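J.: Sharing a model that was predicted from the sequence below.
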Amino acid sequence: MIKGNTQLRGKSPIVVGITATVGLITFLANTGAGIVFPIFPKYLEVFGGGPTELGYLAAIFSFTAFAFSPLMGWVGDKIGRIKLIVLGMVVFALSNLLYAEADSLLVLYVARAFEGLSVAGIGPSALSIIAGITDPEERPFYIGIVNGAAQAGFIAGPVLGGVFLDLWGLKAPFYISAGLGILSALVAAIVLPGSGKVAILEREQKKRSEESTESLANQDSEVLLAYQFGIMTIVSFSTFLAWALIEPGFSFYIYDILEFTPTQFGLFVSAYAAVLTIGQPLGGYLTTRIGPRTTIIIGLLIYSFSYLYLIVAQELFEVLIMGAMAGAGNALTSPAVSSEVTKVVPKSQRTTWLGIYSGFATSAGFVGPIVGGYVYPSLGPERTFLISFSIPFIVMLIFALTYRSQSSPGKIWDPQNTDIDF
């Protein structure tokens, strides 16, 4: 119960606690997802599969996440985001149990589709929860924390997967991943308050942002929403697409042209992932200081020039710099873009719109490799890298010339003589 003149401000223990809980859930979920990465190539051999089947698994996951993100966002608005996170983690656990008990490639494909479905529900719901409880001026920082936790899970997962494979065999990582999924569901169901603290903070957010909400409603809100939502989706899509285009040929470039070892390739991936993980909270904080527009422009510049630098990078140190640049650019861009999207979508349909945003942005995950599979052999690595530089750079120019950040809402809601039961 909250009584009297209690104020729930941006850095209140409640906000910090819920953010930490959502971050823990995304960390556990992505750790569980990452655990299986080192397993798939060896596991597919049991069923007579190889690189082609591994590609099918990747495509099924990306397509399912893209296709179902809008639908799962709509479901989250109908049944509640916390319930959808719990459901998503249960589906995630089920997918891993299907992996472990699979007796054919078809079962693996079905399991991978379930995993994509779970991601489609969890991502928009987690972002919507953070958007509902935070002050818009501070929101990028908290989104950066959750995004950083997710990236940390992707780093920890493959390492643990390799260890568990060596210790207990092929199926053990799947069972452990399923256990992490159930643990995440329990954390969400028990720790995240479905109608207590979150509801209070969302009430605060609604009262505090009433002025800007009314402003949107009074000035061609549909046109404004379509423009601001669209440009943010394009920004996010461009960052996904730039990497997806070079992904099919990048491994061949690293091994065949630069003649790197697998360990050196791993160092490149680690450099990118480490900077992205650490940088997202910092990027979110920077957004609160200099504004989302400036942060996104700087982030896109750094990110796009990382691909231009890749053309001339030959030594390991130079390639590591490229990975760090790409990670830094993404770390700056991602929290700012996500925060801006939450400001311009209708509050009552926030999760639905976040699902649409996530679906279109991540569609580059399966469109890009298909196009890149034709572009890289035809044009060669340097021209492919140049295209990957051009995409986010051109989007940055369009964004810089046209975008104006949504104004921040008014004062924080201050409950006077109010008793609120959790």
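T.: Arrived safely, thanks for sending.
J.: contacts, neighbours, all on C-alpha from now
T.: Fine.
J.: For the closest residue to Arg112 other than its chain neighbours, grab the count of nearby residues.
T.: Spatially, and ignoring its direct neighbours in sequence, Arg112 is nearest to Phe61 (5.6 Å; CA to CA, 6 or more residues apart in numbering). Look at Phe61: counted by other CA atoms under 10 Å, it has 23 neighbours.
J.: can you check Thr52 too?
T.: 9.
J.: Do you know the pLDDT at it?
T.: Looking at Thr52, its pLDDT reads 73.
J.: Could you say which helix or strand holds it?
T.: Assigned by DSSP states H and E, Thr52 belongs to helix 51-79.
J.: tell me which residues in that helix are buried?
T.: 53, 57-77 (16 or more other CA atoms under 10 Å).
J.: just to revisit the earlier point, OK, contacts around the residue nearest to Arg112?
T.: Listed by CA atoms under 8 Å, 6 or more residues apart in numbering, the contact set of Phe61 reads 112-113, 115-116.
J.: Same check on Leu267?
T.: The contact partners of Leu267, taken as CA under 8 Å, 6+ apart, are Leu320.
J.: how distant is the helix or strand containing it from the center of its chain?
T.: Element membership for Leu267, per DSSP H and E: helix 262-290. The chain centre lies 13 Å from the centre of helix 262-290; the measure is CA atoms, centre = their mean, to the nearest Å.
J.: Please tell me how far Ile60 sits from Pro41.
T.: Distance, Ile60 to Pro41, using CA to CA, to the nearest Å: 16 Å.
J.: again, but for Tyr374
T.: To Pro41, Tyr374 is 24 Å away according to CA to CA.
J.: Give the helix, strand or coil label for Phe260.
T.: coil (DSSP: H, G, I helix; E, B strand; the rest coil).
J.: burial measure for it, as a count.
T.: Phe260: 17 neighbours (other CA under 10 Å).
J.: Report how many residues lie close to Arg404.
T.: For Arg404, using other CA under 10 Å, the count is 11.
J.: Can you verify my assumption that it contacts Thr294?
T.: No: counting by CA atoms under 8 Å, Arg404 does not reach Thr294; the two are 10.2 Å apart.
J.: the helices in the stretch 151-300 of the chain, which residues?
T.: Counting by DSSP state H, counting those that start in this stretch, the stretch 151-300 of the chain has these helices, from start to end: 172-190, 197-208, 210-217, 221-252, 262-290, 292-312.
J.: which ones are touching Tyr384?
T.: Heads up, residue 384 is Thr, not Tyr. 245-246, 372, 375-376.
J.: Quickly find the element holding Ala113.
T.: Following DSSP H and E, one finds Ala113 within helix 105-133.
J.: Off-centre distance for that helix?
T.: Taking mean C-alpha positions (CA atoms, centre = their mean), helix 105-133 and its chain are 11 Å apart.
J.: Would you indicate which residues of that helix are buried?
T.: The neighbour-count check on helix 105-133 (16+ other CA under 10 Å) flags 105, 107-133 as buried.
J.: Pick out the least confidently modelled helix or strand of the chain, by mean pLDDT.
T.: helix 210-217 (a mean of 45; mean pLDDT, DSSP states H and E).
J.: where in the protein is pLDDT low?
T.: In the predicted model of the chain, residues 1-12, 51, 193-225, 405-422 satisfy pLDDT under 70.
J.: care to break it down by domain?
T.: Per automatic domain parsing, the structural domains of the chain span 13-208, 212-402.
J.: Which one (most neighbours) among the contacts of Thr384?
T.: Going by other CA under 10 Å, Leu245 tops these with 27 neighbours.
J.: my read: it touches Ser388, true?
T.: Yes: at 6.8 Å, Leu245 and Ser388 qualify as touching, with contact defined as CA under 8 Å.
J.: what residues does stretch 326-337 touch?
T.: With CA under 8 Å, 6+ apart, stretch 326-337 has contacts from 140-141, 143-144, 147, 232, 235-236, 239, 271-277, 279-284, 286-287, 292, 295-304, 306-307.
J.: May I have it as PDB, with CA atoms only?
T.: Output of stretch 326-337 as PDB, limited to C-alpha atoms (Å, rounded to 0.1, in the frame of the first residue of the first chain):
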ATOM      1  CA  ALA A 326      29.800  -1.700 -35.200                       C
ATOM      2  CA  GLY A 327      29.000  -2.600 -31.600                       C
ATOM      3  CA  ALA A 328      29.300   1.000 -30.400                       C
ATOM      4  CA  GLY A 329      27.100   2.300 -33.300                       C
ATOM      5  CA  ASN A 330      24.400  -0.300 -32.500                       C
ATOM      6  CA  ALA A 331      24.700   0.400 -28.800                       C
ATOM      7  CA  LEU A 332      24.100   4.100 -29.300                       C
ATOM      8  CA  THR A 333      21.200   3.600 -31.800                       C
ATOM      9  CA  SER A 334      19.200   0.800 -30.300                       C
ATOM     10  CA  PRO A 335      18.000   2.300 -26.900                       C
ATOM     11  CA  ALA A 336      17.300   5.700 -28.500                       C
ATOM     12  CA  VAL A 337      15.300   4.100 -31.400                       C
END
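J.: what helices or strands is the helix or strand hosting Gly148 leaning on?
T.: Using DSSP H and E, Gly148 maps to helix 139-168. On a contact count with 3 or more CA pairs under 8 Å, 6 or more residues apart in numbering; DSSP states H and E, helix 139-168 meets helix 13-35, helix 105-133, helix 172-190, helix 262-290, helix 316-344.
J.: Can I get those in TSV including distance to Pro392?
T.: Formatted as TSV, the helices and strands packed on helix 139-168 follow (distance: least, CA to CA, whole Å):
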stretch	distance to Pro392
helix 13-35	26
helix 105-133	23
helix 172-190	35
helix 262-290	17
helix 316-344	11
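J.: Alright, I will stop here.
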